[in-house]
Structures are given as C-alpha cells and as structure tokens.
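Student: Got a predicted structure here, sequence first:
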Amino acid sequence: MRAMEPDRHSYISGVLVMEKTKLLYQQMYSGKVFTWIHLMPIFCSSMVRAQIQTNSDSKNLVTHKPTPTSEALSGVTVEPTRKSRSDSERPESLSKDLFTMSNLSVSDPELEKPANGSYSDVYEKYVLPCIAEFLGTAFFIFNGCASVTENTEGTGHLQPALAHGLALGIAVAIFARVSGGHMNPAVSLGAALIGGLNIFLLIPYWAAQLCGGMVGAALAKAITSDVKFFNATGAAFKSIERDEQVGSAIVAEVVMTAYLVMTVCMGTINKKSTTTLAPLCIGLSVTVGILAGGSVSGGCMNPARALGSALVANYWDYHWVYWVGPITGSLIVGLLLRVFIGDQKIRVLMT
C-alpha cells in the first residue's frame, strides 16, 4: 500500500491541475467549450510531471539526513519541507504548453503580433498613414475641383461649398483611425505643434497630401470638357485680381484656416473636447468657410488644394497667398492650444 501512494498522489495532482487549467482557459476564452478530450495532452503531461516530482521528493525525504542544529539539540523536531511550485506559477507554464499544442485550435492574438522593429511595425506606423493621406486627399480634391468646374450657373458658392465639405467629412471618417484624416498640410502642421502627430511624419504627410492634391486635380480635369475647364480656370483660385485684394484675402485665409484647424485639434486631439461628431464638424467648417470667404479669397484653407489645381491649370497668380494664409492660421491655433485652451497634456504653461 505504501508503494501505491506516489501513483495515487500523481493521479490526484493531475486531476487538480486539469480542473484549474479548464477553468483558466474558460475564463481566457469565454464562449469556447473545452472538454476532457481537448485537454487530454495537458492532463497526461501533468500526471507525468507530478509522478516525477513525487518520486524525487520521496527520494529526498529518504536520503536526507538532518544535521544537528540548535533546534535539534534543544529537543525541537524539524520536519523537512517539500518544495513545490506555487499556484501562481502553474497557469503560466500550462498556458505555454497549451499554445504549443498543434492539435488545439485556439490562439492568442497577442502572441501573433510581430516583434518590435519588424517590417510590419514600420509599415503600420510610417507607410500606411502616408498612403491613407494620399488617397484621402486625392478623393477630397477630386470632388472639390469637379464641383467647381461643373458648377451650375446660379448656385454661386453653394455647390462647391457642399461638395468640399461633404467630401472632406467622408474622407476624415474613413481614414481618421489610420492617419488622423488630415488631408491638409495646414492641419498636419497644427496637429504636430500640439503633439497630435509625430514630428518625423510631418514632411512625409505633406508630400503625400501634395501628391494626392495633384492626382485629384488631374482626375477632375480628365472628366471635364475643355470648355468648362477653361471657363473655371481648372478650379484654380482666381478671386484675387488686384494687389489691393491681397491683404483681405490673406486675412480671410488665416481666419478660415484657423477655424478649420481648431475644429480638427479640439474635436480629435484635445482630450476634453473630443467628439464622435468630429468628421461632420470638420466638413461643415470647410463648407462654412467657402460660403463666407469664397468671394474674398476663394475659400482655399488648404495648400494641397491650391497646388493641385494651379499645377493642372498652370495658373499661378497670387498662388503664394494660399500658402501664407493657411500656414499662419495653423501656427496661431498651435500657439493658442499650447498656451491657453489645450488640456494639461497639451499646455506648456499652467499645467
């Protein structure tokens, strides 16, 4: 009977480990059904390990000869303790065994993540956002330029305003979780100034947006008849005709771009004011800007929009206004958020 005790101990230990393992993986994968058949390999390996541990401990108890100590000399009996793994160590080792079993169809997504520094990480962090910015800007500017060249007589700025605003809102909603949904060099600059964009991505973002603007304007030209394209000057901004209009046009671009960049930064980056309605608000800010300042400066607010149409139409009169105005407006918003109205993470003063 004494010789059978190790086997009995190993069987009971295996059953206990089996029950703990079953409960552990039912908690980790709720909804999955684990049966004894699925966990049989672990049960067998657990029994073998328990048997080996029991035999080893039995030998240690037999061959161990306690040395005389102060407790022994004083008449106190010291019993040898059996060293075993704690319960907190068992689930970790068992989970490793489970995930290496090829006959089980469970897997942990965290274990399948690529190692840091892999090509997948580089693509996700640096390449994919630039591709999203390129595509989003191309779609946005295509619709915007097409709405200008195909503008119906009598609608004024209403058709371009709605087309630009709706197209931008849709593009932001689609690509916001990939790249932030900027579609505008001025917006990217404002986001970088307040910490919403990695500063090393600013130049790649600008390059992607400018290229997307050129592609979008070229596609708009491809679907427009020569007469309409010529009459609309290729959707280029031609509201400024004299030097006396430059001052008011720059002010209009600064204010309208500041309103747009403020909407983006406060609606998507500033923690206290983020909202799920951000794409709608961003699109509406462009619509409002075109309706308000379309007759003053054209309502550009976007250097990529200005460059694409100017390049396709070869119209460069006062083109610099549509760079100076939006960039200045973006710098003002960055200063305001950093000093006054940003949250504690953004503000550099009174934090």
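Tutor: Good, I have the coordinates. Computed from a prediction, not measured in an experiment: that's the story for all the values here.
Student: Please make it C-alpha for all contacts and neighbour counts, starting now.
Tutor: Fine.
Student: ok, residue 121 - how many residues close by?
Tutor: By the criterion of other CA atoms under 10 Å, residue 121 has 14 neighbours.
Student: could you give the mean pLDDT of whichever strand or helix holds it?
Tutor: According to DSSP states H and E, residue 121 maps onto helix 119-122. The predicted model assigns helix 119-122 a mean pLDDT of 86.
Student: do the same with stretch 324-342
Tutor: 97.
Student: returning to what we had before: next secondary structure after the helix holding residue 121?
Tutor: Next helix or strand after helix 119-122 toward the C-terminus (DSSP H and E): helix 128-149.
Student: pretty sure residue 166 contacts residue 283?
Tutor: Yes - using CA atoms under 8 Å, residue 166 makes contact with residue 283 at a distance of 5.8 Å.
Student: neighbour count winner among these two?
Tutor: Counted by other CA under 10 Å, residue 166 and residue 283 do not tie: residue 283 has more neighbours, with 26 against 22.
Student: Check the spacing between the more buried one and residue 260 real quick.
Tutor: Going from residue 283 to residue 260 by CA to CA, to the nearest Å gives 9 Å.
Student: Residue 161 versus residue 141, what's the distance?
Tutor: Applying CA to CA, the value for residue 141 to residue 161 is 12 Å.
Student: Now do the buried residues in the helix holding residue 121.
Tutor: Residues of helix 119-122 include none that count as buried (16 or more other CA atoms under 10 Å).
Student: CA atoms only: put it into PDB for me.
Tutor: The C-alpha coordinates for helix 119-122 follow below in PDB (Å, rounded to 0.1, in the frame of the first residue of the first chain):
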ATOM      1  CA  TYR A 119       8.800  45.400 -41.300                       C
ATOM      2  CA  SER A 120       5.100  45.200 -40.300                       C
ATOM      3  CA  ASP A 121       5.600  47.700 -37.500                       C
ATOM      4  CA  VAL A 122       7.400  50.100 -39.800                       C
END
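Student: Give me the helices and strands touching it, please.
Tutor: If you count contacts as 3 or more CA pairs under 8 Å, 6 or more residues apart in numbering; DSSP states H and E, helix 119-122 packs onto no helix or strand.
Student: pretty sure residue 270 is touching residue 341, no?
Tutor: No - the pair residue 270 / residue 341 is not scored as a contact, 9.2 Å apart, by CA under 8 Å.
Student: Neighbour count: those two, which is higher?
Tutor: With neighbours defined as other CA under 10 Å, residue 270 and residue 341 compare such that residue 270 has more, 21 against 14.
Student: dump the residue contacts of the more buried one.
Tutor: 342, 343, 346 (CA atoms under 8 Å, 6 or more residues apart in numbering).
Student: As CSV, those with secondary structure, neighbour count and distance to residue 171 would be great.
Tutor: Listed next are these as CSV, based on DSSP: H, G, I helix; E, B strand; the rest coil; neighbours: other CA atoms under 10 Å; distance: CA to CA, whole Å:
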residue, secondary structure, neighbour count, distance to residue 171
342, coil, 24, 26
343, coil, 18, 27
346, coil, 21, 26
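Student: Tell me the one of those residues nearest residue 122?
Tutor: Nearest to residue 122 among the contacts of residue 270: residue 346, at 26.4 Å, using CA to CA.
Student: So for residue 141 and residue 161, which sits in the more crowded spot?
Tutor: residue 141 (31 against 26).
Student: got a pLDDT number for residue 243?
Tutor: For residue 243, the model assigns a pLDDT of 95.
Student: what number of residues lie near it?
Tutor: Neighbour count of residue 243, defined by other CA under 10 Å: 8.
Student: Could you do residue 335 as well?
Tutor: Residues near residue 335, counting by other CA under 10 Å, number 16.
Student: Likewise for the one 10 residues further on?
Tutor: When neighbours are defined as other CA under 10 Å, residue 345 has 12 of them.
Student: same thing with residue 301?
Tutor: 33.
Student: ok now do it, which residues does it touch?
Tutor: Counted by CA under 8 Å, 6+ apart, residue 301 has contacts 186, 253, 254, 256, 257, 260, 286, 322, 325, 326.
Student: thought the third one was touching residue 326?
Tutor: Just to be clear, that refers to residue 254. Yes - counting by CA under 8 Å, residue 254 touches residue 326, with 5.5 Å between them.
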